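J.: build me a structure from this.
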Amino acid sequence: MTRITKPSEVKREWIVLDAKGEIFGRLLTKAAVYLRGKHKPSYTPNVDCGDFVIIINASEAIFTGANKAEDKLYHRHSGYFGSVKSEKFGQMLKNKPEKLYKLAMRGMLPKTKLGKEMIKKFRVYASSEHPHTAQIQNKGK
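T.: Next comes the predicted model:
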């Protein structure tokens, strides 16, 4: 018989992933597995049983594609006529690497309330310093 995990039974850990020298997409797929909880034997698709994920050194990841920095565009729209704003990938990587990671991760998670809860456990920092050292040190206790 299959055991269904209840939300009250979920034990969450803090996982730190270093983006330095890692390929962007491969790193995010690893993070998505941890956020969804698929690495745990108690994985249940309709329960948020994933861990907290922190990515450090976000600006030092490797991106494939020769002209991606100039060619790829990210669009946003406020809902008003003529209000489409576009930003190049290279510009976004330089100014807001955290937002770039969040957008990519959002596409890998479920498009439901469950996915919105999962993305709240995802943190990205451009440098190696982050304010979550207390949670990570207490992980083993």
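J.: could you pull out the helices for the chain?
T.: Assigned by DSSP state H, the chain shows helices spanning 24-36, 68-71, 89-95, 97-108, 113-119, 133-137.
J.: ok, and what's touching the longest one?
T.: With contacts defined as Cβ atoms under 8 Å, 6 or more residues apart in numbering, helix 24-36 is touched by 15, 17, 19, 39, 43, 50-51, 53, 55, 61-64, 101, 104-105, 108-109, 118-119, 121-122. Where you see a C-beta, it was placed from the backbone N, CA and C, and this is true even at glycine.
J.: how big is the angle separating that helix from helix 97-108?
T.: Counting by axes from the mean of the first three to the mean of the last three Cα atoms, to 10 degrees, helix 24-36 lies at 70 degrees to helix 97-108.
J.: residues in contact with Lys94?
T.: So Lys94 contacts Ser59 (Cβ under 8 Å, 6+ apart).
J.: buried sites along stretch 3-20?
T.: Thr5, Val10, Trp14, Ile15, Val16, Leu17, Ala19 (16 or more other Cβ atoms under 10 Å).
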